[in-house]
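Student: Kindly return the folded structure for what I paste below:
(chains A and B)
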Amino acid sequence: MHRHGHTVPSDLAVGRGEHVMRMRSRPYRDDNANVSRIVGVAWDVTERRKTELSLAKERNLLKTLMDTLPHAIYFKDLDSRFVAVSRALTHSFGKTDPVEIIGKTDHDFFSTEHAEGALADERKIIRTGKPIVDYEEKETWPDRDDTWVSITTMPLRDAQGKIIGTFGISRDITAKKRAAEKLAQLTEELRAKNESLEQDLEMARELQSSLLPQRFPNFPHHANNENSAVHFYPFFRPSMIVSGDFFDVFDISDEKAGLFICDVMGHGVRAALVARLCALSLPNCVPYGQGPVNF
Amino acid sequence: MSNTYRDSEGARVSLALSAAEMGTWNLDVSAGVIWWDDRMHSLFGVAPGAFSRNYEDFLALLHDEDGERIRDEFDRAAAACTAMDTQFRVIWPSDGASM
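Tutor: Residues are numbered from 1 along each chain as shown, chains lettered A, B, ... in the order given. Okay, here's the model as predicted:
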């Protein structure tokens, strides 16, 4: 089948060495009312066609960007009115057609507080020509929860370089921001729990120290601390805050001192508790202690 | 061609066609003969006077994808007595000489 109609196929591409002609004609009838002659003109439209194709290509690139990128893209005039917006921005404003946004301002969609802030930023960009890059901002809406965006706003210039507005792109980072807030909250909870645990451990350490012998037996038994034949000078340093290791000194007879040093495998609270159980039963074993081997 | 200007409709049309860089043509439908002026020759990359005036030769100069469409448009213009306004691509003959 061939194409019909007087319009030119829009996909008429121009290859190398090809010339595009436009042709117009008028038919003339003979005496029998049949078309006997067709008279026409033709002219070269190659350059125009190439320009059209190149424009269509650029338009298609821009359209693809504006219609499919999941980020909000906008172009605004000097009065901060939208002149072009992406489909993603349209949807984030709760609309379906970008036309519903063109000509309006942030005031028509955001809370006054947010709209005023954005307006001040845009006026500054228009005045100074300096862009704002990757700025994280909270958006407040009159009718829904706050959202977070990362925005980049640039001055929009005409072909002569004169600033005629602003344009920018904003990415929704609400989920990322909420996750970061959640993480900060969990970290704080963990820190608080850790602090409380450390306090408990410190108390355990103090308790453990208090359970170690503070006074030692004298030899012979009736001697006092000054004239005792033997003196004991213990030094105890746990490897962690609390340790299972402990020691005790007791008198077996006037000639025999019992020295008990307990080194528990493992460290920490569990080891300390096991060792303490041993220590509690130790005094019952003393009468049988004739030497380390028999003990 | 004389440089002396004598005002006439023909002279004005000629000036307009020249200014617009337009070629003119004229098809004898039943004979299948198409007459070209000099500018038509240059638009199609053919040396002046070298075109055969054969309608089929004219279609042969068009891009493969456009030839049948243009034949169709001419057929309809002749059958229904309608004006045409169309575009097509031309591949210039490599030697630019004769058809």
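Student: Please give the element, helix or strand, for B:Trp35.
Tutor: Assigned by DSSP states H and E, B:Trp35 belongs to strand B:33-36.
Student: which residues of the stretch 51-200 of chain A score low on pLDDT?
Tutor: Along the stretch 51-200 of chain A, no part satisfies pLDDT under 70.
Student: Which stretches in it count as helices?
Tutor: For the stretch 51-200 of chain A, the helices defined by DSSP state H, counting those that start in this stretch cover A:87-92, A:112-128, A:174-211.
Student: what do you get for chain B?
Tutor: Ranges of helices within chain B are B:9-19, B:38-43, B:55-60, B:64-80, based on DSSP state H.
Student: tell me the mean pLDDT over the first one?
Tutor: If I follow you right, that is helix B:9-19. Helix B:9-19 carries an average pLDDT of 90.
Student: any residue of that helix up close to chain A?
Tutor: Yes. Under the criterion of CB under 8 Å from any CB of the partner chain, helix B:9-19 makes contact with chain A via B:Leu17. Where C-beta positions appear, they are placed from N, C-alpha and C, glycine not excepted.
Student: buried sites along that helix?
Tutor: For helix B:9-19, a neighbour-count test (16 or more other CB atoms under 10 Å in any protein chain shown) marks B:Leu17 as buried.
Student: so what does it touch, helix or strand wise?
Tutor: Under the contact criterion of 3 or more CB pairs under 8 Å, 6 or more residues apart in numbering or on different chains; DSSP states H and E, helix B:9-19 touches no helix or strand at all.
Student: chain center to it, what's the gap?
Tutor: 17 Å (CA atoms, centre = their mean, to the nearest Å).
Student: Show me what from chain B comes close to chain A.
Tutor: Residues of chain B lying near chain A (CB under 8 Å from any CB): B:17, B:20-30, B:40, B:43-45, B:63, B:66, B:68-69, B:71-74, B:76-79, B:81-92.
Student: circling back to that earlier point, and of the helices of chain B, who's closest to A:Gly17?
Tutor: helix B:64-80 (13.5 Å; CB to CB).
Student: chain center to that closest one, what's the gap?
Tutor: That offset, for helix B:64-80, works out to 15 Å (CA atoms, centre = their mean).
Student: now stretch B:14-31
Tutor: A distance of 6 Å separates the centroid of the chain from that of stretch B:14-31, by CA atoms, centre = their mean.
Student: now what about that stretch, what contacts it?
Tutor: Stretch B:14-31 is touched from outside by A:35-44, B:33-43, B:55, B:74, B:78, with contacts defined as CB atoms under 8 Å, 6 or more residues apart in numbering or on different chains.
Student: repeat for stretch A:205-222
Tutor: A:224-225, A:228-232, A:234, A:236, A:238, A:241-243, A:246-251, A:254-255, A:257, A:272, A:276, A:279.
Student: So how do I select the buried members of those in ChimeraX?
Tutor: Of the contacts of stretch A:205-222, the buried ones can be selected in ChimeraX as follows, counting by 16+ other CB under 10 Å:
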select /A:238,241,242,243,246,247,248,249,250,251,257,272,276,279
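Student: In helices, which of the contacts of stretch A:205-222 appear?
Tutor: Of those, the ones assigned to helices by DSSP H are A:272, A:276, A:279.
Student: Kindly reformat these as a markdown table containing pLDDT.
Tutor: Below are the ones in helices among the contacts of stretch A:205-222 laid out as a markdown table (pLDDT from 0 to 100):
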| residue | pLDDT |
| --- | --- |
| A:Ala272 | 73 |
| A:Arg276 | 74 |
| A:Ala279 | 73 |
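Student: just these now: which is nearest chain B?
Tutor: Ranked by distance to chain B (CB to the nearest CB), those are led by A:Ala272 at 91.1 Å.
Student: can you tell me which residues contact the residue in the stretch 101-250 of chain A that chain B sits nearest to?
Tutor: The stretch 101-250 of chain A approaches chain B most closely through A:Ala159 (28.8 Å), counting by CB to the nearest CB. If you count contacts by CB under 8 Å, 6+ apart, A:Ala159 has none.
Student: For A:Phe93, give me phi and psi.
Tutor: With angles defined as degrees, to the nearest 10, A:Phe93 sits at phi -90, psi 0.
Student: Just the buried residues of stretch A:210-224, please?
Tutor: For stretch A:210-224, burial by neighbour count (16+ other CB under 10 Å) applies to A:216-219.
Student: Please read the previous query as pertaining to stretch A:32-43.
Tutor: A:35-38, A:40-42.
Student: hey, which helix or strand in chain B has the poorest pLDDT?
Tutor: The weakest-scoring helix or strand in chain B, judged by mean pLDDT, DSSP states H and E, is helix B:9-19 (a mean of 90).
Student: Nearest residue to A:Leu89 in space, ignoring adjacent ones along the chain?
Tutor: Sequence neighbours aside, A:Ala72 is the residue nearest to A:Leu89 in space, at 3.5 Å (criterion: CB to CB, 6 or more residues apart in numbering or on different chains).
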